[in-house]
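Colleague: I'd like to go over a predicted model; first the sequence, then the structure.
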Amino acid sequence: MKSRCGSATLCSGLQAWPLPRWRFNTGGEADRLIGGSTEVSGALEIHEMHIVNGIAMMRQVNPGISLRPGASVVLKPFSPHLMMLDLKEPLKAGQKLKGTLLFEKAGRVDIEYLVVPMGADGPAAIARARNK
């Protein structure tokens, strides 16, 4: 069954946090996070929030997020974040999702996400899940 909703957060009232929620460029040259995929969505895009005429709007970040050598980026709501589109199934709080991030030079990197309720403290939920 395919969800009619476009994004994980707008449809389900849930959010999926990367485990861990930051990405490091451990290489010796600059790289760029340009996309990714998950097992539960048709697409995964990098988005950011911006204000237009007093209204918060999201837009896709093209051509991605640049990372200097040794730099990191925190992916979270209301900052650069990953948006799952065309969900294939409803998400459930506590669910772990497998996916990949795609970097321009480093290629594909496996990642896992933890689904938590909107407004929940994602980092605290991740810590609790790791201590189970």
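Modeller: Sure thing, it's come through.

Colleague: pLDDT at the residue sitting furthest away from the middle of the chain, what is it?
Modeller: Using C-alpha atoms, centre = their mean, the residue of the chain lying farthest from its centre is N53. It sits 26.4 Å away. pLDDT, N53: 92.

Colleague: let me see the contact set for P63.
Modeller: 32, 34 (C-beta atoms under 8 Å, 6 or more residues apart in numbering). Where you see a C-beta, it was placed from the backbone N, CA and C, and this is true even at glycine.

Colleague: can we see that at 10 Å?
Modeller: With contact taken as C-beta atoms under 10 Å, 6 or more residues apart in numbering, P63 is in contact with 32-35, 46, 104.

Colleague: again, but for M49
Modeller: Going by C-beta under 10 Å, 6+ apart, M49 touches 56-59, 77-81.

Colleague: identify the bridge partners of it.
Modeller: On the basis of DSSP bridges, M49 is bridged to M58.

Colleague: return the distance of it relative to L91.
Modeller: Taking C-beta to C-beta, to the nearest Å as the measure, M49 falls 21 Å from L91.
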